[in-house]
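[1] below: sequence and its predicted model.
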Amino acid sequence: MALFQIAEPGESAAPHQHKLAVGIDLGTTNSLVATVKSGLASVIPDALGRPLLPSAVRYRDGEPPVVGYDALAGQSSDPANVVVSVKRFMGRSIDEVPYRESMPYRFEAGPGALSLKTVAGVKTPVEVSADILRELRMRAEAALGGELVGAVITAPAYFDDAQRQATKDAARFAGLSVLRLLNEPTAAALAYGLDNAAEGVYAVYDLGGGTFDISILRLSRGVFEVLSTGGDSFLGGDDFDQRIFCWVIEAAKLKPLSSVDARHLLTCAREAKEFLTNHGAAPIVARLGSGEVVDLELTTETFTEITRTLVEKTLRPVRRALRDAGLSVADVKGVVMVGGATRMPQIQRAVGEFFEKAPLNNLDPEKVVALGAAIQANLLAGNRASGDDWLLLDVIPLSLGLETMGGLVERIIPRNSTIPVARAQEFTTFRDGQTALALHVVQGERELVGDCRSLGRFELRNIPPMVAGAARIRVTFQVDADGLLSVSARETTSGVEASIAVKPSYGLSDDAIARMLKDSLDHAKDDTARRAVKEFQVEAQRLVEAIRSALVADGDLLSPDARERIESGIAHLQAAMLGEDRHAIARCIDELESETSAFAALRMDRTIRDAFSGKKIDAIERELVSSEKGGET
Amino acid sequence: MDFNVDHFALFGLPKKFRTDPDLLDKRYREMQVLAHPDRYAGAGDAEKRVSMQWATRVNEAYQTLKNPLRRAAYLMLLAGKKLDVESNTAMPTEFLIEQMEWREAVAEARRACANTELEQFYHRVKQQMKCRYERLASLLDDKADTALAEDEVLRLMFLDKLVSEIDDALVALEA
């Protein structure tokens, strides 16, 4: 990657100031961790030099789990305890998992999210993902020689709120501080765009192991603006394996298979798929538990034929994303291919035909997401070198709405809105003296609640009793830069802040969280409690430094009294930091934060005013020129 | 800069319907470079919160001014006219009848799974909207005729709703 940077004199990033940050691509089939060292992004390999970590976890009785290649090695003998493709289960209920009858797992339906019974106890998909992320964190810390300040974790652009929340939870359980959840195609576009100094409209076609994303971006002078995104979070390379698997069963006229045989045949199917990338035909030979031998040959023609509908299925979201962006194929300058599954020749051909141009394959489709995430992590961690002034503007992939009378959906925030975004909606009571109100938040594009995904039910309580229709309850939906939703409400006539109880439909129950915390404390290889104190100390130090430099720059905005209070908040926090009581540190952080919130608002006002004060004349001149041209409508 | 100024003032643009899209884009990007949460990833919670509020505010202003229908409705709102397509029934009968016929045509095409027809219809309506926007620009900026402009905005709101219905139909057919 052409990312060598030469620091200007006087602003060189001294080695001791370089903060260790990584980008993690948490994939369905494989995961990677990457970092930026001396201005160069690279994937961190394991001790044996292998860049990929298979996203597989094997649970054992009384022993810690094994992750990656070692876990895969146990797949044939112990399929029920080797969890693969767990990304497909993130933020899902059991009813939403396709082909689960052909999977070797013992599923347990929860009140919302599903979980798996293993020999090491019940595991949620969040925990399995956390085990993968923990492995990557330890790999990175060993390679970089220190603790990470944070990580950018990628997620499919088309992931809904429940899936994103699950991903963020997994990172937290793995002991990672999440700098940002970044959409996979956006990460790829960043790596590609910086590497090629690309300008114009680009499409990113990202077919991973279990998810498909299409994003349309406009790259212009360091701004990566996502115009629209679409996809299918149940479509990926795994489905192509599944088609081969079904073809084998039919062609060899096999009877229902044991879970060991099924797993073995699926592995053969995957190998055949990969073989076909560079060959016209692939042999499929397998000996089943019964002694029966499968011996078939799969040709490229047959493979293309049995997967035609899957390929076509990826083009529908592509058409829609283009329409949402208000663009046509001719507007797209290039199509960046991402994900190992895009190596399949029929995919390359279909994408080339659709966009009427050869797809761009000059970056390793398996690494580009992790590299982009690392580049962004480096920036967010504060290792900004001169010239690093790009900005990513991403969107929410699916509309957010509320259930209204009759099971219909009222859209509150439409899909492809640039984040962060907020909308407020007013509600009222329909009965005299009503003190509570229930809201049902859903995500999706369909008109009926039942066809969308339920994100959660919110209950507003403590509404002052009034006559029907008199209360004015203003509910605010805020989607942050990670694409995560939060909801707040207040009754505006009385000013009463209504309390909100969130019941996420697919989130973790309190019991699950308590159990997971206990498990991670019991089994953690590293000392989680000590780590937690350290994290608070680092956080505190960062806050003190940030406020100190803010006081130097903008201290004149404060009254002597306000300044005095902030200084004393800093002194309290510094005293607490010396101790090992993380609750005390957290309390002092909170106090200092609340003391400085007004100061933060004043500083932002000044930043924006200063940046724009010199521009008025320029604005007027431009305006005159444009009105002579007739302007735009 | 006051957080509560109107969207035009926020970007330093004249309060007109005709806007310079390049200048709007430029101002929007400059402002997000300053305000976006990615610039405050290492900051304390107070600064992160302020940054999210500002970035949200800037996004809202940009989306409102970028979309011509929302921009027109926003200009009307600044002039004290709150427009609502749902509650307004004071439209000429022939226009309403035409709208009903078009919507029926969309529903019919949807039942018949006629994707291509829907796509064509989509582009036809878009084309008609484009002509109406040109008329609207002249009414608002040159003639300052808010009464006629209001009528035009309402018609455009109907058409905009029709476009999103066609879009919903296309999405439903694709599902």
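    In hand now; what should we look at? All of these numbers come straight from a predicted model, not from anything done at the bench.

[2] just give me the residue closest to the centre of the chain.
    With no chain named, the answer covers chain A. residue A:155 (2.8 Å; C-alpha atoms, centre = their mean).

[3] please refer instead to chain B.
    Closest-to-mean residue, chain B, C-alpha atoms, centre = their mean: residue B:70 / 3.2 Å.

[4] looking at it, it is touching residue B:60, isn't it?
    No. Between residue B:70 and residue B:60 there is no contact under C-beta atoms under 8 Å: 10.1 Å. C-betas here are computed from N, CA, C, even on glycine.

[5] I'd say residue A:270 and residue A:241 touch.
    Yes. Between residue A:270 and residue A:241 there is a contact at 4.7 Å, judged by C-beta under 8 Å.

[6] if you count what's nearby, which of the two comes out ahead?
    Neighbour comparison, residue A:270 and residue A:241: the larger count goes to residue A:241, with 24 against 19 (by other C-beta atoms under 10 Å in any protein chain shown).

[7] list the buried residues for the host helix or strand of that one?
    Using DSSP states H and E, residue A:241 sits in helix A:237-251. If you call a residue buried by 16 or more other C-beta atoms under 10 Å in any protein chain shown, then helix A:237-251 has these buried ones: A:237-245, A:247-249.

[8] and the biggest helix by length in chain B, what does it pack onto?
    Using DSSP state H to define each element, chain B has its longest helix at helix B:146-174. Other helices and strands packing on helix B:146-174, by 3 or more C-beta pairs under 8 Å, 6 or more residues apart in numbering or on different chains; DSSP states H and E, are helix A:308-325, helix B:68-78, helix B:93-111, helix B:115-137.

[9] so who does the closest residue to residue B:145 other than its chain neighbours touch?
    Once flanking residues are discounted, residue B:145 sits nearest to residue B:139: 4.9 Å by C-beta to C-beta, 6 or more residues apart in numbering or on different chains. Contact analysis of residue B:139 by C-beta atoms under 8 Å, 6 or more residues apart in numbering or on different chains lists B:145, B:148-149, B:152.

[10] in three-state terms, label residue B:139 for me.
    For residue B:139, the assignment made with DSSP: H, G, I helix; E, B strand; the rest coil gives helix.

[11] tell me how far it lies from residue B:72.
    Distance of residue B:139 to residue B:72, given as C-beta to C-beta, to the nearest Å: 10 Å.

[12] need the residues touching each of these two.
    What both residue B:139 and residue B:72 touch, as defined by C-beta under 8 Å, 6+ apart, is the set residue B:149.

[13] do stretch A:537-551 and chain B meet?
    Yes. Among the residues of stretch A:537-551, A:542-543, A:546-547 lie within reach of chain B under C-beta under 8 Å from any C-beta of the partner chain.

[14] same question for stretch A:294-310.
    No. Using C-beta under 8 Å from any C-beta, stretch A:294-310 stays clear of chain B, coming no nearer than 13.4 Å.

[15] how about stretch A:157-177?
    No. Figure legend: stretch A:157-177 not in contact with chain B (C-beta under 8 Å from any C-beta); closest approach 10.2 Å.

[16] mind listing what's buried along that stretch?
    The neighbour-count check on stretch A:157-177 (16+ other C-beta under 10 Å) flags A:157-171, A:173-177 as buried.

[17] need the contact partners of stretch A:236-243.
    A:28-29, A:85, A:88, A:99, A:207-212, A:266, A:269-270, A:273, A:306-307, A:310, A:339-341, A:344.

[18] how about 6 Å then?
    Contacts of stretch A:236-243 with the rest of the structure, by C-beta atoms under 6 Å, 6 or more residues apart in numbering or on different chains, involve A:28, A:85, A:208-211, A:266, A:269-270, A:273, A:306-307, A:310, A:341.

[19] inside helices: which ones of those residues?
    Judged by DSSP H, helices contain the following of these: A:266, A:269-270, A:273, A:306, A:310.

[20] of all the contacts of residue B:139, which comes closest to chain A?
    residue B:152 (11.6 Å; C-beta to the nearest C-beta).

[21] residue contacts, that closest one?
    Applying C-beta under 6 Å, 6+ apart, we find residue B:152 in contact with residue B:136.

[22] if you set the cut-off to 8 Å instead, what comes out?
    B:132, B:135-136, B:139.

[23] for the helix holding residue A:241, the distance to its chain's centre please.
    29 Å (C-alpha atoms, centre = their mean, to the nearest Å).

[24] let me know the angle separating that helix from helix A:308-325.
    On the basis of axes from the mean of the first three to the mean of the last three C-alpha atoms, to 10 degrees, helix A:237-251 is oriented at 150 degrees to helix A:308-325.

[25] tell me the mean pLDDT over helix A:237-251?
    Here helix A:237-251 scores 92 as its mean pLDDT.

[26] now it - C-alpha only, CSV.
    In CSV, the C-alpha atoms belonging to helix A:237-251 read as follows (Å, rounded to 0.1, in the frame of the first residue of the first chain):
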residue,chain,number,x,y,z
GLY,A,237,-19.9,-18.0,-0.2
ASP,A,238,-21.4,-20.5,2.2
ASP,A,239,-24.6,-20.6,0.1
PHE,A,240,-22.5,-21.6,-2.9
ASP,A,241,-21.0,-24.5,-0.8
GLN,A,242,-24.5,-25.4,0.2
ARG,A,243,-25.6,-25.6,-3.5
ILE,A,244,-22.7,-28.0,-4.3
PHE,A,245,-23.6,-30.0,-1.2
CYS,A,246,-27.2,-30.4,-2.3
TRP,A,247,-26.0,-31.3,-5.8
VAL,A,248,-23.7,-34.0,-4.4
ILE,A,249,-26.6,-35.5,-2.4
GLU,A,250,-28.8,-35.6,-5.4
ALA,A,251,-26.2,-36.8,-7.9
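
[27] in which helix or strand does whichever residue of chain B sits closest to chain A reside?
    Of all residues in chain B, residue B:18 sits closest to chain A, at 3.1 Å by C-beta to the nearest C-beta. Of the helices and strands defined by DSSP H and E, none includes residue B:18.

[28] enumerate the residues of the stretch 51-200 of chain A near chain B.
    Residues of the stretch 51-200 of chain A lying near chain B (C-beta under 8 Å from any C-beta): A:150, A:179-180.

[29] among these, which lie within strands?
    Secondary structure from DSSP state E places A:150, A:179-180 of these in strands.

[30] how long is stretch A:419-432 end to end?
    38 Å (C-alpha to C-alpha, to the nearest Å).

[31] please identify the buried residues of it?
    For stretch A:419-432, by 16+ other C-beta under 10 Å, it's A:419-423, A:427, A:429.

[32] would you pull up how far it lies from the middle of the chain?
    27 Å.

[33] got it, and stretch B:128-137?
    Averaging C-alpha positions (C-alpha atoms, centre = their mean) puts stretch B:128-137 13 Å from its chain's average.

[34] please see if that stretch touches chain A.
    Yes. Judged by C-beta under 8 Å from any C-beta, stretch B:128-137 comes into contact with chain A at B:130, B:133-134, B:136-137.

[35] ranking those by neighbours, who comes first?
    residue B:136 (26 neighbours).

[36] distance of that one from residue A:232?
    39 Å.

[37] which residue does the stretch 251-400 of chain A have closest to chain B?
    Taking C-beta to the nearest C-beta, chain B has its nearest neighbour within the stretch 251-400 of chain A at residue A:380, 3.8 Å off.

[38] neighbours around that residue, how many?
    25.

[39] for the closest residue to it other than its chain neighbours, give me phi and psi.
    Excluding the flanking residues, the one nearest residue A:380 by C-beta to C-beta, 6+ apart is residue B:41, at 3.8 Å. In terms of degrees, to the nearest 10, the main-chain angles of residue B:41 are phi -60, psi -30.

[40] confidence score at residue B:41?
    86.

[41] wait, it sits on residue A:177?
    No. Shown here, residue B:41 and residue A:177 do not form a contact pair, counting by C-beta under 8 Å, at 10.2 Å.
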